[in-house]
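Participant: This is a predicted model, with the sequence first.
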Amino acid sequence: MSVNSLIDDLKARGLVAQMTNEEELVEHMAQGPVTLYCGFDPTADSLHLGHLVPLLMLKRFQDAGHRPIALVGGATGLIGDPSFKDQERQLNSAGVVQQWSECLKSQISRFIDFSGEDGAILANNYDWTASVDVLSFLRDIGKHFTVNKMIAKESVKQRIEREGSGLSFTEFTYQILQSYDFQQLNSQYGCTMQIGGSDQWGNITGGIDLTRRVNGASTHGLTLPLITKSDGTKFGKTEGGAVWLDAAKTSPYAFYQFWLQTPDADVYRFLKFFTFLPVTDIEALEEADRQREGRPQAQQVLAEEMTALVHGVEALEAARRITEALFSGDLSMLSADDYAQLQQDGLPATAVPTELADLPLTTLLVDAGMASSGKQVKDALQRNAVIINDTACGMEQNMAAAELFSAEAARFGSYFLVKLGKKKHHLFYLV
RNA sequence: GGUGGGGUUCCCGAGUGGCCAAAGGGAUCAGACUGUAAAUCUGACGCGCAAGCUUCGGUGGUUCGAAUCCACCUCCCACCA
């Protein structure tokens, strides 16, 4: 892909929120491979969907011949970015941040190619901040920032102006640290561009300013839009919380299901944001779906692309197998092997307790993680929305767990497929 | 340090002695309708199958009875110094 068409493609996908002078940027990219960076702060032991867009953006640049630097914020993660946050964040211990940094590193490596001499670079800002002493920091770096400008930034404005909140000096300093990153990466690797979410604009321009002052270098910035949902709720959340990229935290099956359930109003936008499918193909798909009666194909395409990308083709196959078995409506088609396979493929499964005479169904299903409170199970029972091996259960069976989970009732002497509502499935097995 | 305002169930936000497990909205869950979509309608929404149990920043107190009154403590905010 030529330089020009990369930016054009990004714009066509709606992936550009803001950028520094477009002409200069395009020209800069035309002159040869650009080294660019994006930072990821370790705020948990895994990246989640919110990180995916910038991460894939690095990949888009790499695919177009540029050289990405993935920066893990081992130092900035210790401070906490106040940008557009309405509350001061709780500090995490150094050991935890260190550990999380390692987690992020290995995840990032799955998306970007770090091999070879021209390969991407993995950096950690802890390496150049940890040893800076206070006086050097204040004299050599701090001197280039005016508090007036720092306060004026939109990203901290509300924290400073708003009642009921404050901004600690610690977090206020964050923008200086991030700016310092850019200046360092510019010195060390010739990095001339920073990308990030639109909330990072203030931090990015801060880095551009610092790099110009200290290194005398001209650099560029580009931000990505915040991913929004048509219904106004936050993108990337499910009832269980964030959708993680770590298969141990969000199973490939759950991940696949997440995308499959994307509302029509969002799905084509998401295809452009998250997949590498050409925009023209996506538009063609949208047109085809419009012509079609009933269910669109887009969600399926999106779910397959994303699951394959994040978890690999095998995990995708597993997710599809489970989906096929659970949503095709007929469980009798499943063989004993299929049940074992479902469990292996990541369908949540729990052993049936040996002593369940007195256990109500509510407790049983809550313990298995199917619902967060007995009330929810009770509600479902009252509406006959709990289905055990194709048999709907009502409230009157709540105390009949021993009967329902007897060896005679089990499929192949061992399995029970329990459905709560339309979408929640759980496998129980006798031991 | 002084003065004033405030801390209510996941979030916002009512409630100023019994009718309060606590209005209303949002989020969430389930049902109907659909396409595992949206919109709409219905129900649930502190915990418990239930009897019942535990909440309104904390601790004590007044009272037959407190989220509501009193004391002290604590945290937040505004203004003043």
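Facilitator: Yes, it's here. Numbers count the residues shown, from 1 in each chain, chains lettered A, B, ... in the order given.

Participant: how near is A:K249 to A:K153?
Facilitator: Per CB to CB, to the nearest Å, A:K249 is found 33 Å from A:K153. Any C-beta I mention is one placed from the backbone N, CA and C, and that applies to glycine too.

Participant: residues near the closest residue to RNA strand B within the stretch 251-400 of chain A, how many?
Facilitator: The stretch 251-400 of chain A approaches RNA strand B most closely through A:G374 (2.2 Å), counting by CB to the nearest atom of the strand. Counted with other CB atoms under 10 Å, the neighbours of A:G374 add up to 17.

Participant: do the same with A:H425
Facilitator: Count around A:H425 with other CB under 10 Å applied: 23.

Participant: Next: A:Q257.
Facilitator: Neighbours of A:Q257 (other CB under 10 Å): 21.

Participant: one step back: how close does the residue of the stretch 251-400 of chain A closest to RNA strand B sit to A:T76?
Facilitator: Counting by CB to CB, the separation of A:G374 from A:T76 is 43 Å.

Participant: One more: A:K423?
Facilitator: 38 Å.

Participant: out of these two, which sits in the busier spot?
Facilitator: Per other CB under 10 Å, whichever of A:K423 and A:T76 has more neighbours is A:T76, with 24 against 11.

Participant: Now do the contacts for the more buried one.
Facilitator: Applying CB atoms under 8 Å, 6 or more residues apart in numbering, we find A:T76 in contact with A:39, A:41, A:125, A:174, A:177-178, A:181.

Participant: Let me know the closest of these to RNA strand B.
Facilitator: Taking CB to the nearest atom of the strand as the measure, RNA strand B lies nearest A:Y174 of those, at 17.8 Å.

Participant: Go ahead and confirm that closest one touches A:L78.
Facilitator: No: if you go by CB atoms under 8 Å, A:Y174 and A:L78 don't touch, sitting 10.2 Å apart.

Participant: tell me the contacts of the most centrally placed residue in chain A?
Facilitator: What sits nearest the mean C-alpha location of chain A, by CA atoms, centre = their mean, is A:L49, with 1.4 Å. By CB under 8 Å, 6+ apart, the residues touching A:L49 are A:235-236, A:242-245.

Participant: which phi and psi does it have?
Facilitator: Main-chain dihedrals, A:L49, degrees, to the nearest 10: phi -60, psi -30.

Participant: if I look at it, how far off is RNA strand B?
Facilitator: To RNA strand B, A:L49 is 15 Å away according to CB to the nearest atom of the strand, to the nearest Å.

Participant: Tell me how many other residues crowd A:R290.
Facilitator: A:R290 has 8 neighbouring residues, counting by other CB under 10 Å.

Participant: Can you tell me the SS state at it?
Facilitator: Using DSSP: H, G, I helix; E, B strand; the rest coil, the secondary structure recorded for A:R290 is helix.
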